[in-house]
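A.B. asks: When you get a sec, could you give me coordinates for this:
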Amino acid sequence: MEDKFYLIVGLGNPGKNYVGTRHNVGYGVIDILAKRHDISMNREKFKSFYGQKNLFEKKCIFLKPLTYMNLSGEAVIDAAKYFNINPKNIIVIVDDIDIPFGTVKIKKKGSAGTHNGLKSIIYQLETEEFPRVKVSVGKCPSYMDLKDFVLSGFSANESKILNKELELSADAVEEILRADVDKAMCKFNGVVIEE
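C.D. replies: Numbers count the residues shown, from 1 in each chain. So this is what the prediction gives:
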């Protein structure tokens, strides 16, 4: 397999109704990376919007699946097969309800937990061995259904912290590409964003 190719996938749901929701933070990180590195994200293929750019001497494909969250794996497998990408070179940016708000967590591999987007990707790739950058979106309150919570927006105060989380997540993706997952984990896991 070609190790120079990396696939960076930001998970989210397409359409105006989902802009700014907790489930769409993956899209937000891709948008930041696209802005930082002048990546055009308007090509449509692999059931996604995608862009391509060489960063840190690596060929990078940036992906925003248009499949809706629960079928994200269909977009990922299409792009991975087309570019012959090793799952270990697929970086998935995903919302997380289990880590403290104001933090970002990088993992080398692992189960999907309750996340349907990750479940779909693991199912299609037939492996859990791909890195992910998890962006905290807060804990679901006991009175709310999880589905409603992840499709809800952020308060003004939350948004201030979230914007820093998104920037930090973009930094983390760059660090994985520049160095490796272990170095990124050491650098970013444990960082807490204060208001």
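A.B. asks: Give the buried residues for the helix or strand bottoming out on mean pLDDT in the chain.
C.D. replies: For the chain, using mean pLDDT, DSSP states H and E, the weakest element among its helices and strands is helix 146-150, scoring a mean of 91. Using 16 or more other C-beta atoms under 10 Å as the test for burial, helix 146-150 gives 149, 150. (Glycine included, C-beta is placed from N, CA and C.)
A.B. asks: With stretch 20-40 instead?
C.D. replies: 21-34, 39.
A.B. asks: and if you look at stretch 130-139?
C.D. replies: Under the neighbour-count rule (16+ other C-beta under 10 Å), stretch 130-139 has 130, 131, 132, 133, 134, 135, 136, 137, 138 buried.
A.B. asks: close enough to count as contact, the fourth one and residue 171?
C.D. replies: Put plainly, it is residue 133. No: between residue 133 and residue 171 there is no contact under C-beta atoms under 8 Å: 9.8 Å.
A.B. asks: what sits up against the helix or strand hosting residue 105?
C.D. replies: Per DSSP states H and E, residue 105 falls inside strand 104-107. For strand 104-107, the external contacting residues (C-beta atoms under 8 Å, 6 or more residues apart in numbering) are 96, 99, 131-136, 165, 168-169, 172, 176, 181, 184-185, 188-189, 191.
A.B. asks: Select from the residues you listed every entry located in helices.
C.D. replies: Among these, the members found in helices (DSSP state H) are 165, 168, 169, 172, 176, 181, 184, 185, 188.
A.B. asks: what's around the second one, how many residues?
C.D. replies: Looking back up the chat, that one is residue 168. Close neighbours of residue 168, defined as other C-beta atoms under 10 Å, add up to 18.
A.B. asks: thinking again about what came up before, so of the buried residues of stretch 130-139, which ones are in strands?
C.D. replies: 132, 133, 134, 135, 136 (DSSP state E).
A.B. asks: Give me the distance between the nearest residue to the third one once chain neighbours are set aside and residue 61.
C.D. replies: Think residue 134. What sits nearest to residue 134 in space, not counting adjacent residues and going by C-beta to C-beta, 6 or more residues apart in numbering, is residue 96, at 3.9 Å. Going from residue 96 to residue 61 by C-beta to C-beta, to the nearest Å gives 23 Å.
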